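S.K.: Structural data only, the sequence is not supplied:
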């Protein structure tokens, strides 16, 4: 409402909006079209590597939410700890990534997936084998540049739109 | 049976009907146009909702609804079904009867506006010789419904929204009516059908300032952005319909769009030449023009941010009201002094007057004794 400029400001705004009417909208039709997320995404679930894990529980101590529960048993034969239970309550997880940064043996990664919502509250608590890496739950490159290198580059909406313009 | 016989006998005994009693075709005419108008309003509202959501989406660099049916054309249907299936919640401390009556009282006048809007030469429910006056009188009644809704909800946000609505409608009614009077002076009639017949050139050219004033005042009257602060989501939740849900909320939603369509139809009729136009059939011209006016409303809505309540009042009383008075005076002088002036000379003179007046008044228009820049 800049009437000092005699309504010219309103007219300028109107031309801006009408120009947008004939522009290609900057949108992504989500379920059909997907953008590549960041390679360092701190995604939905933690990925745990059973072989590298020594059961030191540094991750559990680093977790500000106390979402990681770790139970070990002594393995006298091999002279080391056996991890009997590794349980993460992903409902409590705030995706801060401190556990991944804390792990001295590179046995813990953030998840790269972002569509891991559950229907039941009980499904949110994950134990042992549910935490292993699989095709549906790849590891993210967060704090692990060697993994990030192998992941596809992130695409941005803006790039999509410029591609569309170039094609014309 | 005895009672019916009695009534019929009484009617027969009153054979001497008053001279202005409607003829035989009257009730068929009435029935036909009532059904047509109700269907017309409902279909137009669906079209309006679709146009608003799609156009607004595209203007905001979005797509708008595109999932339901081809191009999202069935979105209004889906909305209607959703809203009808929803639970109807009435607050405990609401005034139940008033709460129930409010949507009805808000909705009925909007339908009644269309009674005097011509779709074609003579194709209207009632060709009142005071058509414009009737519209001004009727359209203000829905404010009563809105205020009833706000008061009966027992919610401070509802009451605030309703009070703002009443304040805005009372203020904007004046420039609205004054700009209509200019048109009435030029046309020499209050009947909408006659006004359309007189428009050899659309009155938007003869009354450009009147059109701008009417458009702004109409937008304020029907709570559309940038004057939608009676439903300002960021301040008072949803204004007067905060406590409404289900079918009653649907009624208010319908009222909002039906009012927008009604105002578009009135602007079409009195400023844009109504059903007149080449090639296409008259009723189609009318609908096309109505949608064009509605599109301009959507356009301003997307462009302009919401005004504050003091800016709203200042715009009505300091800007639109004096301009409307001057416009009325100028029009009256023109009609009196040069009744047979060439229309195109009058058009140029009036456009020049409009530009000069807006230029001058923007200089004078200040808020807070000139401290606040707007």
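M.R.: That came through fine. Everything numeric in this text was worked out from a predicted model, so none of it was measured. Residues are numbered from 1 along each chain as shown, chains lettered A, B, ... in the order given.

S.K.: can you pull the contacts of residue B:215?
M.R.: B:267, B:296 (Cβ atoms under 8 Å, 6 or more residues apart in numbering or on different chains). C-beta: built from backbone N, CA, C; applies to glycine.

S.K.: Please identify the helix or strand for it.
M.R.: helix B:208-221 (DSSP states H and E).

S.K.: Now that helix: average pLDDT?
M.R.: Here helix B:208-221 scores 88 as its mean pLDDT.

S.K.: Show the secondary-structure elements that the next helix or strand after that helix is packed against.
M.R.: Counting by DSSP H and E, the next helix or strand C-terminal to helix B:208-221 is helix B:233-236. With contacts defined as 3 or more Cβ pairs under 8 Å, 6 or more residues apart in numbering or on different chains; DSSP states H and E, the packing partners of helix B:233-236 are helix B:156-187.

S.K.: can you give me the offset of the helix or strand just after the helix it packs on from its chain's centre?
M.R.: Once helix B:156-187 ends, the next helix or strand along the chain (criterion: DSSP H and E) is helix B:192-198. With Cα atoms, centre = their mean, to the nearest Å as the basis, helix B:192-198 stands 18 Å off its chain's centre.

S.K.: After helix B:192-198, which helix or strand is next?
M.R.: With secondary structure assigned by DSSP H and E, helix B:192-198 is succeeded by helix B:203-206.

S.K.: what's the residue nearest to residue B:42 when sequence neighbours are not counted in contact with, if anything?
M.R.: Spatial nearest neighbour of residue B:42, excluding adjacent residues (Cβ to Cβ, 6 or more residues apart in numbering or on different chains): residue B:254 at 7.9 Å. Shown in contact with residue B:254 (Cβ under 8 Å, 6+ apart): B:42, B:45, B:107.

S.K.: hmm, try it at 10 Å
M.R.: Residues near residue B:254 by Cβ atoms under 10 Å, 6 or more residues apart in numbering or on different chains: B:41-42, B:45-46, B:49, B:80, B:83, B:103, B:106-107, B:110-111.

S.K.: thinking again about what came up before, got the angle for the helix holding residue B:215 vs helix B:156-187?
M.R.: Helix B:208-221 runs at 160 degrees relative to helix B:156-187, counting by axes from the mean of the first three to the mean of the last three Cα atoms, to 10 degrees.

S.K.: next one: helix B:208-221 to chain centre, how far?
M.R.: Using Cα atoms, centre = their mean, the offset of helix B:208-221 from its chain centre is 11 Å.

S.K.: With stretch B:291-302 instead?
M.R.: Computed by Cα atoms, centre = their mean, the separation of stretch B:291-302 from the middle of its chain amounts to 13 Å.

S.K.: Can you list the buried residues in that stretch?
M.R.: By 16 or more other Cβ atoms under 10 Å in any protein chain shown, the buried positions in stretch B:291-302 come out as B:291, B:293-295, B:297-302.

S.K.: can you tell if that stretch touches chain A?
M.R.: Yes: Stretch B:291-302 lies within reach of chain A by Cβ under 10 Å from any Cβ of the partner chain, at B:295-296, B:298-302.

S.K.: cool, and stretch B:160-174?
M.R.: No: counting by Cβ under 10 Å from any Cβ, no contacts exist between stretch B:160-174 and chain A, the nearest distance being 15.3 Å.

S.K.: Enumerate the positions of that stretch that are buried.
M.R.: Those would be B:160-166, B:168-169, B:171-174, for stretch B:160-174 by 16+ other Cβ under 10 Å.

S.K.: Tell me which two of those sit farthest apart.
M.R.: B:160 and B:174 (23.0 Å; Cβ to Cβ).

S.K.: Just give the closest residue to the residue nearest the centre of chain B, not the sequence neighbours.
M.R.: Central residue of chain B (Cα atoms, centre = their mean): residue B:263, 2.7 Å from the mean position. Spatial nearest neighbour of residue B:263, excluding adjacent residues (Cβ to Cβ, 6+ apart): residue B:218 at 4.3 Å.

S.K.: Check the gap between the one you found and residue B:169 for me.
M.R.: Using Cβ to Cβ, to the nearest Å, one obtains 11 Å as the distance from residue B:218 to residue B:169.

S.K.: Residue A:111 now?
M.R.: Distance from residue A:111 to residue B:169, by Cβ to Cβ: 56 Å.

S.K.: just residue B:213 next, same as before
M.R.: 16 Å.

S.K.: still on that earlier bit, what's the overlap in contacts for residue B:218 and residue B:169?
M.R.: Counting by Cβ under 10 Å, 6+ apart, the residues touching both residue B:218 and residue B:169 are B:139, B:176.

S.K.: in the strand ranked longest in chain A, what counts as buried?
M.R.: Taking DSSP state E as the criterion, chain A has its longest strand at strand A:80-89. Neighbour counts over strand A:80-89 (16+ other Cβ under 10 Å) mark A:81, A:83, A:86-88 as buried.

S.K.: and it, what does it pack onto?
M.R.: strand A:46-48, helix A:58-62, strand A:68-75, strand A:125-127 (3 or more Cβ pairs under 10 Å, 6 or more residues apart in numbering or on different chains; DSSP states H and E).

S.K.: Tell me the neighbouring strands of it, and mark each as parallel or antiparallel.
M.R.: Sheet neighbours of strand A:80-89, with direction, are listed as strand A:68-75 (antiparallel), strand A:125-127 (antiparallel) (DSSP bridges).
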